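S.K.: what's the 3D shape of this:
(chains A and B, ligands or ions: 2)
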Amino acid sequence: MSNQNEQEATTRGIGTDEWVAQHEARIAKPTTAMGKLADRWATLPAVVQWGIPLIVVLMIPFTTSSDYVLRIGVNLGLFIMLVIGLNLTVGYAGLLDLGFVAFYGFGAYFYAFVSSPQFGISWPSWISLPFVVVTTAIIGLALGTPSRRLAGDYLAIATLFFGQMFLVLAVSSDAVQFPWMDEPLDITGGPNGIPSVDQISFLGFTFNSTLSYYFLLLGIVVIGIIATRRIHNSRQGLAWRSMGEDELAAQHMTVPVVRMKLMAFTVGASIAGLAGAFFASVQMGVYPSTFKLPLLIMLYAALILGGLGSVPGLIIGAIVMVVLPEILRFPDYSNYLFLVTVLIGSIILIKSWKLVVAVFAATIAVGFVANAIFLVVGVPYLPIDEWIEGPLAPILGTWIFMPEERLLFGNIAFVLLIVVIAWMTTRSKRVRLFAMPFVLWLAIFTWEVRLLMEPSITRQLLIGALLVVLMAARPQGLFGKPRVEVL
Amino acid sequence: MNAALELTGVTKTFGGLTSLNDLNIEVPKGEILSIIGPNGAGKTTLFNIITGVYIPDQGDVKVAGKSIVGLRPDQVAGNGVARTFQNIRLFLNLTVEENLMAAMYGRTRSSLFDSVLQTPRARREDKEKRELALEVLSFFGTRLTGYRLQQPAYSLSYANRRRLEIARAMATGAHTLLLDEPAAGMNPAETQEIAQVISRLGSERDYTIVVIEHDMHVVEGISDRVIALDHGVEIAQGSFDHVATDPNVIEAYLGRGSAATK
Ligand SMILES: Nc1ncnc2c1ncn2[C@@H]1O[C@H](COP(=O)(O)OP(=O)(O)OP(=O)(O)O)[C@@H](O)[C@H]1O
Ligand SMILES: [Mg+2]
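M.R.: Ligands and ions are numbered 1, 2, ... in the order given. As a prediction, this is how the structure comes out:
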């Protein structure tokens, strides 16, 4: 046995690896149309890959005169800045910082302090912006120093409190009594915030239109993306990422983890701070309600959705989280989105094309059977043109039975839907497949009858549903690579 | 000339349990020293003391004549002592190349500004790091080269993970390697290969190596000297043949029926 080993070793040479040697020959070429396209795209140089979307984004202001669209662009720019900062702390260094939004808030307030009538100060932007970056960096350091020994859950709790503390401070510091003053001092403007903040201006050019901020933030975001790409494989980037993977091992491999943690906090905080200053300037005001928990949740959702640590992922994640809620403001669009979500969701669930077609055919049949039953029983209904219009009307209008008492029927359907889905999760695959047409019809029925009546709730519900579908389809995030462990 | 590594009177107790007791070990430069001993003898604890995970209750640890007691693990590694872990702790989501480059933090100087602005220093260091990674990996034949260089560590086979851990320790620029059971879980051919790699690290690269190993064939093949520990006490030391036939050692293993592989 050992003789044979030695013989093999001498003919192959110790440490030769056939897999490595034959790798080229083993690469499987993609066969599907999408696969080939993705393959093509992957071979393009990075400049082209990033240049094409950049040109599209540059063109947007010239194709629309709508301030609303540009405004979404500006919000998206701010959001991407925040995600880039958060990615350094959470995605790379693995520090679960739940107080991140507070840095955004600190940045906005600090900018307002030195650029508004609040204290009668009006610093030029080339002083106020660096001032904001430095002060928020110091606050990041101040939060990081006591938290540097906290890991995982403990860090999350500590930073969460920090975030809430900021909110309390911002809301309640409108009458602070200093011993040396006769009257209480209004620092933050309380719940009303600080109105009339100066806009950013450089060399005589004032950023005073949505368009100007659109380009300003586009520039900043481009710089941010380039910087992130460079950091990814740099000395610091690798130190952060290795630390996020295994702190003890990283420390054994010469990485000073405490210093790197503080650096991650500080850099993340100053990026958020700068975003805050831009925000205050765009809004021409600061209001505490901006910095509440929902923003934090949206940021984390974007980060995870994109696939932690992937740069294109961050951008796409941010786009989904910012643009989607805007689209959903319009009932028509949200109707489309709902149907598409249901469609894609069930295709992903079923996996086989033949079955998909069968299930959809059955779903349509269920709808008509339900119509017939409603008619026979004699439930009063609304004529089509009283509840739906647009291109979907002829299809949905005849397929969905719209009872006059939408609230009653909708509520019953909603409860029934939840019960059926709960029941389904305990059943076998076969049973689930057979129940699916009914569930799909019930879901669409509930949506059209009840949920469309309340756009604000449906918006949240739909975003939630979309995220669940996306995550189920790609648990590793849109751009994350699926992790296939060798066991 | 100073020894590469020198422990004098090192004692460590955990809540009344003595894991290491008055241990004196001197490792001359270029030596391959094997530490053997039954489970719980204190072998891994010894590594943890040297690398700064624990501070010894008593005694001193010197690296090339300089005391390193009280230094953090990153500082110890910066002083030239790098280790592998008994239960492999790679950066699983980083590629093979990135694993090595991450370990070169201590031997490079680029600041965050260098990295973002891609200054000449950052670019030069980046190039050097990539070359160094290849050079280190060439030690393991073609096993971790080629397309594997860009594969995430989680996709590696068990034996390749052990190899990568050794490579990562080498990448820190250390002159002394502490290898905790490098052949554990490998098949006979792989074990033979890793033993050759360790021997060559000593003979071709002048590394000082302390290796904890349970496989007596490996120990016999690579060691300049062997130290046997039991209950944190040195019970024998010397050449392999001397230690392997020592009655204390035989009793330590057989008396408790532990896993000696010979
Ligand atoms: N952090 C700790 N806290 C408490 N006890 C510890 C700690 N670290 C090690 N020990 C104890 O010290 C003793 C020696 O452990 P060590 O891990 O060094 O053994 P070992 O020789 O490496 O054994 P093995 O061959 O199983 O790896 C054990 O009894 C162990 O339980
Ligand atoms: Mg051990």
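S.K.: Okay, now the unreliable bits of chain B?
M.R.: B:1, B:256-262 (pLDDT under 70).
S.K.: Next to ligand 1, which bits of it? Give me the list.
M.R.: When proximity is defined as C-beta under 6 Å from any ligand atom, chain B approaches ligand 1 at B:14, B:19, B:37, B:39-45, B:86. Every residue, glycine included, has its C-beta placed from N, CA and C.
S.K.: and stretch A:235-249 with chain B, contact?
M.R.: Yes - counting by C-beta under 8 Å from any C-beta of the partner chain, contacts between stretch A:235-249 and chain B involve A:235-239, A:241-242, A:245-246, A:248-249.
S.K.: and that stretch, C-alpha only, in PDB?
M.R.: Extracted C-alpha coordinates of stretch A:235-249, given in PDB (Å, rounded to 0.1, in the frame of the first residue of the first chain):
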ATOM      1  CA  ARG A 235      -5.000  46.200   3.500                       C
ATOM      2  CA  GLN A 236      -7.800  47.700   5.600                       C
ATOM      3  CA  GLY A 237     -10.600  46.000   3.600                       C
ATOM      4  CA  LEU A 238      -9.100  42.600   4.000                       C
ATOM      5  CA  ALA A 239      -8.400  43.300   7.700                       C
ATOM      6  CA  TRP A 240     -12.100  44.200   8.200                       C
ATOM      7  CA  ARG A 241     -13.400  41.300   6.200                       C
ATOM      8  CA  SER A 242     -11.200  38.700   7.900                       C
ATOM      9  CA  MET A 243     -12.200  40.200  11.300                       C
ATOM     10  CA  GLY A 244     -15.900  39.900  10.300                       C
ATOM     11  CA  GLU A 245     -15.200  36.200   9.400                       C
ATOM     12  CA  ASP A 246     -13.300  35.200  12.500                       C
ATOM     13  CA  GLU A 247     -12.100  37.800  14.900                       C
ATOM     14  CA  LEU A 248      -9.700  35.600  16.900                       C
ATOM     15  CA  ALA A 249      -8.100  34.200  13.800                       C
END
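S.K.: And ligand 1, is it touching that?
M.R.: No - on the criterion C-beta under 6 Å from any ligand atom, stretch A:235-249 is out of touch with ligand 1, staying 12.4 Å away.
S.K.: Which positions within that stretch qualify as buried?
M.R.: A:235-247, A:249 (16 or more other C-beta atoms under 10 Å in any protein chain shown).
S.K.: Secondary structure and distance to A:Ala465 added to the residues you listed, as CSV?
M.R.: Listed next are the buried residues of stretch A:235-249 as CSV, based on DSSP: H, G, I helix; E, B strand; the rest coil; distance: C-beta to C-beta, whole Å:
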residue, secondary structure, distance to A:Ala465
A:Arg235, helix, 42
A:Gln236, helix, 39
A:Gly237, helix, 35
A:Leu238, helix, 38
A:Ala239, helix, 39
A:Trp240, helix, 34
A:Arg241, helix, 33
A:Ser242, helix, 37
A:Met243, helix, 35
A:Gly244, helix, 30
A:Glu245, helix, 33
A:Asp246, coil, 36
A:Glu247, helix, 36
A:Ala249, helix, 39
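S.K.: which of the residues you listed lies closest to B:Thr176?
M.R.: Checking these against B:Thr176 with C-beta to C-beta, the nearest one is A:Ala249 at 17.9 Å.
S.K.: If I look at that closest one, what pLDDT would I see?
M.R.: Note for A:Ala249: predicted pLDDT of 96.
S.K.: Not including adjacent chain positions, what is the nearest residue to it?
M.R.: The shortest distance from A:Ala249 to any non-neighbouring residue, by C-beta to C-beta, 6 or more residues apart in numbering or on different chains, is to B:Arg89 (4.0 Å).
S.K.: which one of the residues of chain B next to ligand 1 sits closest to ligand 2?
M.R.: Among those, B:Thr44 lies closest to ligand 2 (C-beta to the ion), at 3.1 Å.
S.K.: what's near enough to touch the closest one?
M.R.: Residues counted as contacts of B:Thr44 (C-beta atoms under 8 Å, 6 or more residues apart in numbering or on different chains) are B:86, B:180, B:212.
S.K.: again with A:Met260
M.R.: Taking C-beta under 8 Å, 6+ apart as the test, what A:Met260 contacts is A:93, A:236, A:239-240, A:243.
S.K.: for those residues, which one is nearest ligand 1?
M.R.: A:Met243 (21.5 Å; C-beta to the nearest ligand atom).
S.K.: I'd say A:Leu396 and A:Phe445 touch.
M.R.: No - A:Leu396 is beyond contact range of A:Phe445, at 10.3 Å (criterion: C-beta atoms under 8 Å).
S.K.: following the helix or strand that contains A:Ala272, which helix or strand comes up?
M.R.: Following DSSP states H and E, one finds A:Ala272 within helix A:257-283. Counting by DSSP H and E, the element after helix A:257-283 in chain order, helix or strand, is strand A:285-286.
S.K.: Show me what that next one is packed against.
M.R.: helix A:100-114, strand A:194-195 (3 or more C-beta pairs under 8 Å, 6 or more residues apart in numbering or on different chains; DSSP states H and E).
S.K.: Quickly, which of these bottoms out on average pLDDT?
M.R.: Confidence, taken as mean pLDDT, is least for strand A:194-195 of the helices and strands packed on strand A:285-286 (a mean of 88).
S.K.: I'd like the mean pLDDT over the very next helix or strand once past that strand, please.
M.R.: On the C-terminal side of strand A:194-195, the closest following helix or strand by DSSP H and E is strand A:201-202. The predicted model assigns strand A:201-202 a mean pLDDT of 84.
S.K.: most centrally placed residue in the chain?
M.R.: In the absence of a named chain, this looks at chain A. With distances taken as C-alpha atoms, centre = their mean, A:Ala302 lies nearest the centre of chain A, 1.7 Å away.
S.K.: ah, no, chain B please
M.R.: Most central in chain B under C-alpha atoms, centre = their mean is B:Leu178, positioned 2.1 Å from the mean C-alpha point.
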